Structure formats: structure tokens, C-alpha cells
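**Q** Predicted coordinates and the sequence they were generated for:
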Amino acid sequence: MAYTGAQILLECLLQEGVDLIFGYPGGAIIDIYDELPKYPIRHILVRHEQGAVHAADGYARASGKVGVCLVTSGPGATNTVTGIATAYMDSVPIVVFTGQVPTHLIGNDAFQEADIVGITRPCTKHNYLVKDVRQLAFTIKQAFYLARTGRPGPVLVDLPKDVIRATTELEYPATMTMRSYNPNYSPNRKQLRRAAELIAASSRPVVYAGGGVVAADSAAELTQMARTYQLPVTTTLMGLGAFPGTDPLWLGMLGMHGTYTANMAIHNSDLLISVGARFDDRVTGRVDAFAPKAKIIHFDIDPTSISKNVGVDVPIVADCRQGLLGLMEELARIPGVDWRAKHAAWIEELTAMQQAHPLTYSQEGQYIKPQWVVEKIYSITQGEAIIATEVGQNQMWAAQFYRYTKPRTFLSSGGLGTMGYGFPAAIGAQLAFPDRLVIDIAGDGSIQMNIQELATAVSYQIPVKVVILNNGYLGMVRQWQELFYNKNYCATCLHTNPDFVALARAYGAEGFLVERPEEVEPTLRQAFAHPGPVFVDVRVEPEENVAPMVPAGAALSEMLLV
Amino acid sequence: MRHVLSILVENEPGVLSRVAGLFSGRGFNIESLNVGPTLDPTVSHMTIVTVGDDQIIEQIIKQLHKLISVIKVVDLSQEQAVEREIVLVKVNADDSRRADVLRIVDIFRCKVVDVSVDELTVEITGDGKKIKAIVTLLQRFGVKELVRSGPIAMRRSMQLVD
Ligand SMILES: Cc1ncc(C[n+]2csc(CCOP(=O)(O)OP(=O)(O)O)c2C)c(N)n1
Ligand SMILES: [Mg+2]
């Protein structure tokens, strides 16, 4: 039986177990939409293609499955670029299908033509232009295979209209192997042994974990290793949830807005065990002053991450899960070490430091402190919510003042820092987990970057809760202006913010305004109990700063506002 | 340091821009780049000459491996390799100077591939040193045009120890 390209695409999605896609139609892909109702695939009509990609990304981060988008050619395709780059930087598995003008018009400046394969080449793991319908099924198989294996990432498949309409037999390959792509999952034994020996010989070890631990579903292994061998743990922003934020070994996040203790632990450590983290500049600060006394063990599935910014002593290319399991086997072979006793002094020192330099703020006076709002969200939800964030101060407070105890519960654009990510990502996560509470901790600036997705949330009754920490500023930029640019608040005051409550209602959602401290908790409770999508506009202290802070280019030991 | 990378890639559209884009996007240097077919029609071969310290070269090689279309990368500067480049030079050579030009062509065992009343086109094959030497000599007569292929290279069959 002959299938059209459109049918092949949808059949392949079924084969991949896809039952949900995010999309926006247009001329180049209208044939796919013509077939779509015949398939048991739920389509979520977003209101902007960027929203589709972030939603697929949020779905993927929360569930661990591949997120899928479908958009038209030209502007539909170019609108996905920020979302794709966001997923690329944070290694999120998504597959984006874009329409394209018919093959005979490619290169002709045809109506709604954009060279999306060229445009997204540097921000996809791989991408394809399918020129022949007989290649379509194979290409889709490869796209999903690449997106989810190795270091995950976004893959784009460009579908010319004539390929979508052409017919051929359908043969979906059962398995995929590629001569040019063989990610290495299993760690090298010799390196594991060296790593274990270094740990046994160290007196001030620190685990520095990143998003790779979450991506490899190895939070349990990380936690087990840290507890068994009494290793203090810090994580990157992307690693939040990979280790319980309530554990006594937890030091807090490290980096620019990390805790004093996490950063000083790195500074004083004699051994860094880096797992699935990539020594980003927001983490390391001045790179030559990063972990100056430490030997470094580095687990990463991606060889390019190893010794890219910081030279390491024991490189281990592996999947984090297999790496951690292997390391624990080697550690178990080391005889006669009382791990608790060996690290007791170090842990005691760090615990004392945590007590002396906690993350702080003071909730007093008429202003609502944004940190306090985040703490309230934590206590009301008892840490059980899935939290998405926007970008800026809201993101850092959401990272600092909510304790993440499980992986895949903190969704944030770490690498690209994309304002407008959180709301559509929350929608995607909510669709993956309809029964869980999903909250976007937002800024008044960021929320306006994809606010049109209110219509999506309302039309499908996706009950995400958006808590806007409304400070009337592009707060993070204003903070830099205050600290480093003589308070020259150029272009950071949002004095014409809309009435978010009225706006939410205009879209058909619920809206609440919170202006006084005593209203915070009851209103949040009311909002979280509401069955549909909600905006909560919380007017917070306008000039509150995120503290502490490592100024850009300074060493981790040179923190301000401690 | 200068490194010669020998790279096997899938022979598919866009692969050159993936490789070139990697170098430009990450600020790596390309001194020369040469692409051609292999005996296997699905595979192309690239020779890239690049410069960088050890850490940069290590990153370049890893990043190349990471490209899905790249099958194999070998750093030939790590090994004994033969390296050749082909150059076409169009030199001023009227009656008064033709003999002088031809003498140089002869000494270096190059080939004349085109002649006119006042020009000679010379084909030079060799490694970088030889090419530099002959081009310098020919420049005295006035070089009108010069086209270089960029080096290609191959590992030697036997690693002779000296
Ligand atoms: C798309 C995009 N544009 C610009 C920036 C630069 N930027 C980083 S934080 C920030 C301010 C965000 O303001 P808001 O959403 O109100 O958050 P706040 O910092 O006030 O909590 C800006 C403009 C960015 N990260 N993303
Ligand atoms: Mg703000």
C-alpha cells in the first residue's frame, strides 16, 4: 500500500510512541494537518511557534520523552529558532518538523521560503532536508534516534511540500545504527579505578553535578554515592533536583548566584567529582581561579565537554548513570576506609559555613520580598510541584529558595537564558503530567515574551499557575546597572506593564493581584486550588537584588553581597 | 602549531558547511581545506590544515567527531605522513625571459601546462617548502595568477624509524 509523505510522517510518529505534538499550521504543511485528525495524536495549537518548541522542550524535560513540534515553512520555521537554540544549549531531546517550499522551488526565494536547515545548523544536534519521500521514514527514525541517544538534543527535519504529497511504500526501520555516530555509554575501568583512588586519598572532596545527571536519569545513583561515601554535593542550575535539596550533604547551587558555601567548597576542595556538568562560565567564574587546589574527575557523555574550559585529571566519557554505578563498584573495592570519619572534619567545616552564610533576605515592612514568595510556594506545595522559571532574578530566586528533591521538577533555560521559556515550558510539562501542580515562577518582563500562550492554556484548559514576581523592572539587568553601572537604569524600567489580572481574564483565565504580605499565602493557595490556568501578579520589592553574587569575570571566592 | 587533519565524511549535501561552520562558529582557524571523493561513493575525504595549541587541536578533533556526518578524523601531524599540494602559476615569459623561466621549471621538475606568446603556466607539485621556493624564484619574472589546491596528505605505509 502506498502512503503519502504526510501519512508516513504520522505513522512514524505513532511508531515512536508520540501521542502529543505542538504545532501551528500553514500552507506548506496543510497536507499533514489534513491527515492529522485520522490519527490518535493530540495536537496542541500554540499561538506562536516559539511557544510550540518551548512547550515540547518542557514536555521533554519533565517526562524524559522526546518532544515533537510541527510548523510551517518560512516564518513558521524561523520562529522556532530561539526554542531550538534553547533546547540545544540544555541538551533537551526534541524533534522539530518544518514545512518547506516544494523541492523545485528551493533556492528560488519562493513565497515563505527560508533555509531553515542552514539557519539551524549550529543550534541542532543534526538536521535534515528530506528531498525524496522514499527517504522520509528512515530520516524520521534517525531523527528520533539522534535526539534521544548520546548527549540528547534537538533535531530538525525539513519537509518540502511535494515530498509531503508524494507517495511510496512505508518501511519503518526497527532499529538504527550509524557508522558515524556511536556514543560511548560505558566508562573506562582503569579511569574509574583512578577516580576511586583519588576519592580515597582526598580529604576535601566535592561533587559538582549538572544537567547530565538528570538527562541520564541517574539522580538516585548520585544520591546513593554521595550518602554512602559522605561526599558533599553542589549542582549547577541545570542539576537542581539531581540531589535532594533537603539532604545534610547539600551545599546549594554553585556559580554566579550560588551559595557562599558551595563556591567556597569548590575553592577549598582538593578533589572535584564533576558529573554531567560542563564548566560553564556562569559556574566557574574566572576560570584560572576555579578550584585552584583540586584535582578534577569529570564524567560526561560528550567528549567535547571534557577539558574544554578547565583541564581535568581523570576524564571519563560515559553515560552518567553507568559512570556512577561503575565508580561505586570501584569505591566498594577499596578496603579499610571509614568514609564518614575521613570526611567528617570537612563536612563539619562546610556545615558551619552554611550556618554562618545562609541565603538570606528579610521580609519586613510593606514590601513583599520575592524570595519570601518563592519560599511560600515551596511550603504550600511541600516541594511536590514542577517548577518552570523565566529568566532573570525570578529564575535565580526560584533556584535558591525552593528546595528541589526530585529530578525533572525544575525546568529552566540555563544555557541560553531565554526569557519567555517558562510559561510554554510549563504548559508542556503540565500536558505530560496532567495531575501534577505545575507553576511558572515568572518575571514581569519575561512573561510578556510568550504571553500569547495564555490562549493555548485557556483553550485546552491546561491548568498551569503563573506567579509573576512583578518588580516593574527587567530586574536582573537593573541589578547589574545598580552594582556596576552607577545606577544608570537605562531601558530597564517597565513602567507600562499591563494589568496582568485583567489580561488573564481577557484571555479567559483567572487572575489574582497580591499587593500586601498578608495576602501572599492565602492568594497562592486559592490560585493553586483553581482548576484552570491562573496568573498571580505579585507586586514585589522593586529593587531587591539577587545575592550573593560573583561578578562576571571574578573568581568564585570573590563573592559580593554575602 | 600546524596540524593536518584527514577527515572522512558522509558524502551528502551540506556536509562542507557543517564542517566549515564548526570552524567559523567556534573561532578555529582554517589554513586550507580540500574536499574530494573516495573510492566509496558515499564517503568524501577532507584535508584541513589548521593551527592551534594542543588544547585547541584536541577540541577541534573532538568537535569534528561530534558532527553526525563525520565518520573519522586523523591528526596526521602526529604521524609520518606524505603531504602534497598542487599549484598553477601563470608567469610572465616573453622571448627574452622564457628560457630563464624554463630553467627553473626544469630544476624543480615542474611541468609547463600552457604557453602563450608572453606567458607560461606552470604546474608545481610538492610540499610547502618546495612550493615556496619555486614561487619565490618565479616572482622575479612577475606572477600574473596563482592558484593553490591546499595540501592533501596521507599516512605513510611504513613507519621508518631514523
Ligand atoms: C530573550 C531575552 N532577551 C533579553 C535577555 C536579557 N535579560 C536577562 S534577565 C532580563 C530581565 C528579565 O526581566 P524580568 O522577566 O522582569 O525578570 P526579573 O529579573 O525582573 O525577575 C533580561 C532583559 C534575555 N535573557 N532573554
Ligand atoms: Mg521584573
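**A** Perfect, thanks for sending it. Numbers count the residues shown, from 1 in each chain, chains lettered A, B, ... in the order given. Ligands and ions are numbered 1, 2, ... in the order given.
**Q** Does B:Ile71 fall in a helix, a strand, or a coil region?
**A** B:Ile71 falls in the strand class when you classify it by DSSP: H, G, I helix; E, B strand; the rest coil.
**Q** what ranges do the helices span in the stretch 201-350 of chain A?
**A** All helices of the stretch 201-350 of chain A, identified by DSSP state H, counting those that start in this stretch, fall at A:211-215, A:219-229, A:260-268, A:281-284, A:320-333, A:339-356.
**Q** Pull up the residues of chain A that are close to ligand 2.
**A** A:443-445, A:471, A:473, A:475 (C-beta under 5 Å from the ion). From N, CA and C alone the C-beta is placed, and that goes for glycine too.
**Q** Kindly report the same for chain B.
**A** By the rule C-beta under 5 Å from the ion, no part of chain B lies against ligand 2.
**Q** Tell me the residue of chain B that sits nearest ligand 2?
**A** Of all residues in chain B, B:Gly25 sits closest to ligand 2, at 32.1 Å by C-beta to the ion.
**Q** Ok, the stretch 251-400 of chain A next?
**A** A:Gly392 (6.2 Å).
**Q** Correct me if wrong: that residue contacts A:Arg478.
**A** No: A:Gly392 lies out of contact with A:Arg478 (C-beta atoms under 8 Å); the separation is 9.4 Å.
**Q** could you point out the longest strand in chain B?
**A** Longest strand in chain B, counting residues (DSSP state E): strand B:81-92.
**Q** who does that one touch, helix- and strand-wise?
**A** strand B:119-126, helix B:128-139, strand B:143-148, strand B:152-155 (3 or more C-beta pairs under 8 Å, 6 or more residues apart in numbering or on different chains; DSSP states H and E).
**Q** List the buried residues in that strand.
**A** The neighbour-count check on strand B:81-92 (16 or more other C-beta atoms under 10 Å in any protein chain shown) flags B:81, B:83, B:85-87, B:89-92 as buried.
**Q** Neighbours of A:His343, how many?
**A** 21 (other C-beta atoms under 10 Å in any protein chain shown).
**Q** ok, it - contacts?
**A** A:His343 is in contact with A:203, A:205, A:229-232, counting by C-beta atoms under 8 Å, 6 or more residues apart in numbering or on different chains.
**Q** A:Leu359 now?
**A** A:252, A:259, A:371, A:400-401, A:547.
**Q** same question, A:Met549
**A** Counting by C-beta under 8 Å, 6+ apart, A:Met549 touches A:256-257, A:483, A:559-561.
**Q** from those residues, which is closest to B:Ser6?
**A** Nearest to B:Ser6 out of those is A:Met256 (C-beta to C-beta; 41.4 Å).
**Q** tell me, how many neighbours does A:Leu45 end up with?
**A** The tally of other residues near A:Leu45 (other C-beta under 10 Å) stands at 13.
**Q** From B:Arg155, how far out is it?
**A** Distance, A:Leu45 to B:Arg155, by C-beta to C-beta, to the nearest Å: 57 Å.
**Q** And A:Gln400, by the same measure?
**A** 55 Å.
**Q** so which residue of the stretch 1-150 of chain A comes closest to ligand 2?
**A** Taking C-beta to the ion, ligand 2 has its nearest neighbour within the stretch 1-150 of chain A at A:His54, 19.0 Å off.
**Q** State the distance from the closest residue to B:Val74 other than its chain neighbours to B:Asn29.
**A** Distance criterion C-beta to C-beta, 6 or more residues apart in numbering or on different chains; nearest residue to B:Val74, sequence neighbours excluded, is B:Ser6 at 4.6 Å. Going from B:Ser6 to B:Asn29 by C-beta to C-beta gives 17 Å.
**Q** okay, the two: which has more neighbours?
**A** Using other C-beta under 10 Å as the criterion, B:Ser6 and B:Asn29 rank with B:Ser6 on top: 19 against 14.
**Q** Give me the number of neighbouring residues for the spatially closest residue to the residue of chain B closest to ligand 2 that is not a sequence neighbour.
**A** Nearest residue to B:Gly25 in three dimensions, chain neighbours excluded: A:Pro122, at 5.0 Å (C-beta to C-beta, 6+ apart). As a burial measure, A:Pro122 scores 14 neighbours (other C-beta under 10 Å).
**Q** ok, A:Pro122 touching B:Phe23?
**A** No: between A:Pro122 and B:Phe23 there is no contact, the gap being 11.4 Å when judged by C-beta under 8 Å.
**Q** Quick check: which element contains B:Lys62?
**A** Of the helices and strands defined by DSSP states H and E, B:Lys62 is found in helix B:54-66.
**Q** hey, which of the helices and strands packed on strand B:81-92 is tucked in deepest?
**A** Among these, strand B:119-126 has the highest mean neighbour count (mean count of other C-beta atoms under 10 Å in any protein chain shown), at a mean of 19.
**Q** distance between it and the chain's centre?
**A** Here strand B:119-126 is found 15 Å from its chain centre; the criterion is C-alpha atoms, centre = their mean, to the nearest Å.
**Q** State the mean pLDDT of that strand.
**A** Here strand B:119-126 scores 96 as its mean pLDDT.
**Q** ok, now stretch A:195-215?
**A** pLDDT averaged over stretch A:195-215 gives 98.
**Q** A:Val46: neighbour count?
**A** 26.
**Q** Would you map out the domains in chain B?
**A** Here the domain assignment for chain B is B:2-79, B:82-154, based on automatic domain parsing.
**Q** What I need now is those domains written out in TSV, including distance to A:Phe299 for each item.
**A** Output for these, formatted as TSV (distance: least, C-beta to C-beta, whole Å):
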stretch	distance to A:Phe299
domain B:2-79	16
domain B:82-154	35
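**Q** Secondary structure element holding A:Glu375?
**A** For A:Glu375, the host element (DSSP H and E) is helix A:370-381.
**Q** Buried residues in the next helix-or-strand element following that helix, which are they?
**A** Sequence-wise, the next helix or strand downstream of helix A:370-381 (DSSP H and E) is strand A:386-389. Across strand A:386-389, burial judged by 16+ other C-beta under 10 Å covers A:386-389.
**Q** contacting residues around strand A:386-389?
**A** In contact with strand A:386-389 (C-beta under 8 Å, 6+ apart) are residues A:58, A:62, A:377, A:395, A:398-399, A:402, A:404, A:408-412, A:421-423, A:425-426, A:429-430, A:433, A:436-442.
**Q** For A:Leu136, the count of nearby residues, please.
**A** 27.
**Q** Just confirm it contacts A:Gln7, I think it does.
**A** No: with contacts counted by C-beta under 8 Å, A:Leu136 stays clear of A:Gln7, the gap being 10.1 Å.
**Q** Which neighbours do these two have in common?
**A** With the criterion set as C-beta under 8 Å, 6+ apart, the contacts of A:Leu136 and A:Gln7 do not overlap.
**Q** got the contact list for A:Gly414?
**A** Residues near A:Gly414 by C-beta under 8 Å, 6+ apart: A:89-90, A:211, A:236-238, A:280.
**Q** so it, which of the three states?
**A** At A:Gly414 the chain is in coil, as set by three-state DSSP.
**Q** Excluding sequence neighbours, find me the nearest residue to the most centrally placed residue in chain B.
**A** Centroid check for chain B by C-alpha atoms, centre = their mean gives B:Pro151 as the closest residue, at 1.5 Å. Using C-beta to C-beta, 6+ apart and skipping the chain neighbours, the partner closest in space to B:Pro151 is B:Glu85 (4.4 Å).
**Q** in the sheet, who's paired with that neighbour?
**A** Note on B:Glu85: beta-bridge partners by DSSP bridges are B:Gly126.
**Q** pretty sure it is in contact with B:Val147, am I right?
**A** No: the pair B:Glu85 / B:Val147 is not scored as a contact, 11.0 Å apart, by C-beta under 8 Å.
**Q** So which bits of chain B are right by chain A?
**A** Proximity of chain B to chain A, by C-beta under 8 Å from any C-beta of the partner chain, involves residues B:9-10, B:13-14, B:17-18, B:21, B:25, B:55, B:58-59, B:62-63, B:65-66, B:68-71.
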